[in-house]
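[1] Sequence first, then the predicted structure:
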Amino acid sequence: MKKLILMLMLCMPLATFAQKFGHVNAQEIMQSMPEFIKARGEVEAAAKQYDNDLKAMQDELQRKAQDYDKSASTMNETKKKETEESLQQMYQKIQQTAQDNQQALGKLQQEKIGPITNKLVEAIKAVGKAGGYVYIMDVTSGIPYISDTLSKDVTAEVKAQLNKPAAATKK
């Protein structure tokens with residue numbers, strides 16, 4: 001009997017400090033958000049436009065290089081040098097444009113996707129606070145194992161939190 005009481009006394013503090021853990025699939029949630037779908041479409045459209053512009057520049061360089069190759073034997077040295085410098089400048093312009101496009105695309109992506117990511121994080125925080133969770137982990141961030149018995153999947157709750165009117169989420 002003493003052993004039972006001692007055992008209960010030892011286990012009781014552990015039970016009072018039981019902690020709740022949750023996990024969420026942030027990628028699944030993001031891909032279901034209408035604003036994310038719209039933003040991703042805008043970023044993809046910009047990327048396609050940048051690619052088309054770059055391809056047009058590359059095609060023009062290739063055409064001019066072919067013209068130069070065909071007529072190089074009949075050009076004088078001054079004209080050859082001018083044409084080669086022009087081709088080199090076009091090549092450098094293409095490289096700079098590709099780099100500028102990458103930076104612009106990254107900035108656009110941050111402008112469009114950043115606020116959506118912040119909204120998702122705030123929804124996860126709200127669910128965590130409301131549910132009394134110690135941690136809510138994102139399963140898409142490479143966590144190799146999450147116990148289904150010790151951690152609750154709160155993906156649906158976060159989706160529901162995101163669908164609440166804006167006034168209700170700012171409590």
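    Looks like it arrived, so ask away. Residues are numbered from 1 along each chain as shown.

[2] now the helix or strand hosting A130, how far from the chain's geometric center?
    Taking DSSP states H and E as the criterion, A130 maps to helix 77-131. Relative to its parent chain, helix 77-131 has a centroid offset of 13 Å by C-alpha atoms, centre = their mean, to the nearest Å.

[3] So which elements touch it?
    Using 3 or more C-beta pairs under 8 Å, 6 or more residues apart in numbering; DSSP states H and E as the contact test, the elements touching helix 77-131 are strand 20-24, helix 26-32, helix 34-71, strand 133-138, helix 155-163, helix 166-169. Heads up, the C-betas are built off the backbone N, CA and C, glycines and all.

[4] if you compare the ones you listed, which one is most tucked away?
    Of those, the one with the most neighbours on average (mean count of other C-beta atoms under 10 Å) is strand 20-24, at a mean of 20.

[5] Neighbouring strands - and their directions - for that strand?
    Paired neighbours of strand 20-24 in the sheet (DSSP bridges): strand 133-138 (parallel), strand 151-153 (parallel).

[6] Let me have the helices and strands packed on helix 77-131 in CSV, extended by mean pLDDT and distance to L105.
    Putting the helices and strands packed on helix 77-131 into CSV (pLDDT from 0 to 100; distance: least, C-beta to C-beta, whole Å) gives the following:
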stretch, mean pLDDT, distance to L105
strand 20-24, 91, 28
helix 26-32, 94, 18
helix 34-71, 95, 6
strand 133-138, 91, 25
helix 155-163, 93, 26
helix 166-169, 52, 29
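
[7] nearest to V121, of the ones you listed?
    helix 26-32 (8.6 Å; C-beta to C-beta).

[8] Identify all contacting residues around the closest one.
    36-37, 116-117, 120, 124, 138, 140-141, 155, 158-159, 162 (C-beta atoms under 8 Å, 6 or more residues apart in numbering).

[9] export that helix as PDB, just CAs?
    Output in PDB follows, covering the C-alpha atoms of helix 26-32 (Å, rounded to 0.1, in the frame of the first residue of the first chain):
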ATOM      1  CA  ALA A  26       1.900  24.000 -43.700                       C
ATOM      2  CA  GLN A  27       2.500  23.200 -47.300                       C
ATOM      3  CA  GLU A  28      -0.900  21.600 -47.700                       C
ATOM      4  CA  ILE A  29      -2.500  24.600 -46.000                       C
ATOM      5  CA  MET A  30      -0.700  27.100 -48.200                       C
ATOM      6  CA  GLN A  31      -1.700  25.300 -51.300                       C
ATOM      7  CA  SER A  32      -5.300  25.400 -50.300                       C
END
